[in-house]
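S.K.: I would like to see how this sequence folds:
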Amino acid sequence: MDHRPRYQQIKQFIGDAIRKQSYKAGDKIPTEAELVEQFAVSRMTVNKALRDLVQEGLLVRYPGLGTFVAPPKAESPLAEVRNIAEEVRARGHQYTSLVLELNEQAASETVAMQLGIPLHSRVFHSLIVHLENQLPIQLEERYVSVNVLPNYLQQDFTQKTPNQYLSEQYALTSMEHIVEAVLPNKHAQHYLKLDAHLPCLQVSRRTWSGERLISVAVLTHPGDRYKLRSVMSLPAQVSEALAAR
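M.R.: Numbers count the residues shown, from 1 in each chain. Predicted coordinates for the structure are as follows:
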């Protein structure tokens with residue numbers, strides 16, 4: 001007989017199904033109500049199992065849509081989690097930043113789902129604009145769980161970026177990027193000095209250390225001042241096929 005807590009049994013059941021590809025990346029898993037009926041447990045028990053799987057990066061939850069198997073996370077060595085201050089200085093330019101907000105608040109539904117924590121849990125929040133030669137190039141909004149980085153609010157983020165601080169506290173092993181073209185909201189228009197009709201590049205980033213979800217950040221860049229570049233190695237079979245053409 002399995003004597004583990006029921007939420008752990010449910011968590012393993014779903015995790016095993018994902019690893020065996022019974023559920024593939026992008027598949028929607030059963031609703032909480034369906035899982036409650038299937039396992040004859042409370043909704044709280046099911047919710048705990050799903051939150052843990054979200055935090056470990058196996059699931060992603062979208063308000064109003066449901067819970068889905070997460071796409072594979074991009075594995076990256078620490079040196080490739082780029083610090084914007086280092087990027088600017090590497091170009092021989094001056095880096096500065098303005099801390100607009102640094103506070104503690106209750107997690108909204110969206111933030112709670114992204115961090116895999118209960119609704120209204122306490123989280124630390126920062127809103128920072130990063131500048132290159134006094135020109136704003138990125139608006140960073142970040143959330144971290146209070147128990148993950150308890151001293152987050154005591155940091156001087158004009159001297160050290162949140163990215164650098166996170167890297168000093170944890171060995172960052174993987175991250176998830178979602179890149180979108182968006183029009184700037186009112187915050188971005190004001191702090192990035194943008195016209196309302198100028199497209200922006202918006203990067204939604206989640207960062208892990210092992211299986212621990214460290215932070216969620218939304219990075220907004222002016223489309224006319226910033227570009228994103230990615231370099232990857234092709235599998236040997238693909239490279240050979242291309243070379244043979």
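S.K.: and stretch 34-52, how far apart are its ends?
M.R.: Chord length of stretch 34-52, first to last residue, is 18 Å (C-alpha to C-alpha, to the nearest Å).
S.K.: now do stretch 191-210
M.R.: 34 Å.
S.K.: Which positions in that stretch come out as buried?
M.R.: 191-192, 194, 198, 200-203, 205-209 (16 or more other C-beta atoms under 10 Å). Heads up, the C-betas are built off the backbone N, CA and C, glycines and all.
S.K.: avg pLDDT for that stretch?
M.R.: In this model, stretch 191-210 has a mean pLDDT of 89.
S.K.: same question, stretch 167-179
M.R.: The model assigns stretch 167-179 a mean pLDDT of 88.
S.K.: And that stretch, how far out from the chain middle?
M.R.: In terms of C-alpha atoms, centre = their mean, to the nearest Å, the gap separating the centre of stretch 167-179 from the centre of its chain is 8 Å.
S.K.: Stretch 8-26 too?
M.R.: 21 Å.
S.K.: same check, this time on stretch 196-206
M.R.: 14 Å.
S.K.: Check stretch 193-209 too.
M.R.: 13 Å.
S.K.: May I have the distance across it, first residue to last?
M.R.: 35 Å.
S.K.: which residues touch it?
M.R.: 57, 73, 81, 114, 136, 166, 170-184, 188-189, 192, 213-224, 226-228 (C-beta atoms under 8 Å, 6 or more residues apart in numbering).
S.K.: Now, of those, which are buried?
M.R.: 57, 73, 81, 114, 136, 166, 170, 172-176, 184, 188-189, 192, 213-223, 226.
S.K.: Sort out for me which of those residues are in strands.
M.R.: Judged by DSSP state E, the buried ones among the contacts of stretch 193-209 include 136, 174-176, 213-222 as members of strands.
S.K.: Let me see the backbone angles for residue 13.
M.R.: phi -60, psi -50 (degrees, to the nearest 10).
S.K.: Report the secondary structure element holding residue 85.
M.R.: Taking DSSP states H and E as the definition, residue 85 sits inside helix 84-90.
S.K.: buried residues in that helix?
M.R.: Neighbour count says helix 84-90 has 84-85, 88 buried, by 16+ other C-beta under 10 Å.
S.K.: List the contacts of it.
M.R.: Counting by C-beta under 8 Å, 6+ apart, 94-95, 97, 130, 132, 137-138, 140, 161, 163-164 sit against helix 84-90.
S.K.: I'd like to know which of those is nearest to residue 25.
M.R.: residue 163 (26.8 Å; C-beta to C-beta).
S.K.: Just the helices from the chain, written as ranges.
M.R.: If DSSP state H is used as the criterion, the helices of the chain fall at 6-19, 32-39, 43-55, 84-90, 109-115, 162-169, 186-191, 236-244.
S.K.: Between helix 43-55 and the second one, find me the angle.
M.R.: So the one you mean is helix 32-39. Angle, helix 32-39 to helix 43-55, by axes from the mean of the first three to the mean of the last three C-alpha atoms, to 10 degrees: 110 degrees.
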